[in-house]
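S.K.: Provided below for reference: sequence and predicted model.
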Amino acid sequence: MKIKAFITSYDREGMLTKLVNHLNSFGIIPTIKDDGSEYEPSLPQYFRHEHRGKDGYWQTWNEMLKDCEASDAELFLFMPDDFQVLNVNRMIATHGWFKKEPYIYNLINDGREWEWINILPVQISEATSRTGFTDCGFFCNREALNKIGFYMDEIDPDRWKGKSSGVGHQLTKRLHKARVSIYKPINSLAYHGDHESKMHPTERLNNPLISI
């Protein structure tokens, strides 16, 4: 099975290298989209563009989605550089269970019940809940991305006033409208600690993103 993986990264060379090495051990060579960091790690498929920050994060996602459309992969993986120790075997097994329908599956469960759409999670198995939102760290099948046209709409930075990139909100709304099933794990498939957020430092101080 061909897997197309992406890591979005900024100013976390240690975490990025550790994550890439972890994925490489499973034969996954991720495409790295770096948001203008000053270092240049010696990693394959590393692409650095000028710093876009939150306001331009949608552009990075648009580029990744276009790359997905052009690929022949079956399984797509998106994660930031601070998601660590991904349970790759469980991800592949989960894809086998859900691949017959358009779906996306969040990598972590950070305890949030809902976000952007007031839909509470419903547990459907001992490992999975159906949920109503995603926040940019997930895997999915081609049918899910096809449902949203393999593109990201431009996001007006004034809409979020520096609080957020708006990417998770847009993905959630469009996936919901396209009737793509969204799931999250009961126990996270990757680790995320309480370290400082590079994109949302103030928001994450108030609402830490910690995997459970």
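M.R.: That came in fine, so what should we check first?
S.K.: all contacts plus neighbour counts: C-alpha atoms, from now on.
M.R.: Noted.
S.K.: residue nearest the centroid of this protein?
M.R.: With distances taken as CA atoms, centre = their mean, G137 lies nearest the centre of the chain, 2.1 Å away.
S.K.: confidence score at that residue?
M.R.: Model confidence at G137, given as pLDDT, is 97.
S.K.: ramachandran coordinates for the nearest residue in space to it that is not next to it in sequence?
M.R.: Excluding its sequence neighbours, the residue lying closest to G137 (CA to CA, 6 or more residues apart in numbering) is M79, at 4.4 Å. Main-chain torsions, M79, degrees, to the nearest 10: phi -160, psi 150.
S.K.: my read is that M79 contacts C136, right?
M.R.: Yes. With contact defined as CA atoms under 8 Å, M79 counts as touching C136 (6.7 Å).
S.K.: between the two, which has more neighbouring residues?
M.R.: Neighbour count, other CA atoms under 10 Å: between M79 and C136, M79 has more, with 24 against 19.
S.K.: contacts for the lengthiest helix in the chain, please.
M.R.: Longest helix in the chain by number of residues (criterion: DSSP state H): helix 57-70. Residues outside helix 57-70 that contact it (CA atoms under 8 Å, 6 or more residues apart in numbering) are 4, 6, 33, 76, 145-146, 150-155, 165-167.
S.K.: run through who's touching stretch 22-31.
M.R.: Outside of stretch 22-31, the residues within contact range by CA under 8 Å, 6+ apart are 3-7, 20, 44-47, 85-86, 88.
S.K.: distance from the chain centre to it, please.
M.R.: Averaged C-alpha coordinates place stretch 22-31 at 16 Å from its chain's average position (CA atoms, centre = their mean, to the nearest Å).
S.K.: give the buried residues for it.
M.R.: Buried residues in stretch 22-31, counting neighbours by 16 or more other CA atoms under 10 Å, are found at 22-23, 28-31.
S.K.: try stretch 105-122
M.R.: So for stretch 105-122, counting by 16+ other CA under 10 Å, buried means 105-110, 115, 121.
S.K.: export that stretch as CSV, just CAs?
M.R.: Presented in CSV, the C-alpha positions along stretch 105-122 are these (Å, rounded to 0.1, in the frame of the first residue of the first chain):
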residue,chain,number,x,y,z
TYR,A,105,-9.2,9.8,11.3
ASN,A,106,-7.6,12.1,13.8
LEU,A,107,-4.3,11.1,15.2
ILE,A,108,-4.7,12.3,18.8
ASN,A,109,-7.5,12.6,21.3
ASP,A,110,-6.8,15.7,23.4
GLY,A,111,-9.9,15.6,25.4
ARG,A,112,-11.9,18.1,23.4
GLU,A,113,-15.5,17.0,23.0
TRP,A,114,-16.3,19.3,20.0
GLU,A,115,-14.9,22.2,18.1
TRP,A,116,-16.4,24.5,15.4
ILE,A,117,-19.5,22.3,14.9
ASN,A,118,-21.6,21.3,17.9
ILE,A,119,-21.5,17.6,17.4
LEU,A,120,-20.6,15.5,20.4
PRO,A,121,-18.5,12.3,19.9
VAL,A,122,-20.2,8.9,19.8
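S.K.: can you give me how far that stretch is from the chain middle?
M.R.: For stretch 105-122, the distance to the chain centre is 14 Å (CA atoms, centre = their mean).
S.K.: hang on, N87 packs against A190?
M.R.: Yes. Counting by CA under 8 Å, N87 touches A190, with 6.2 Å between them.
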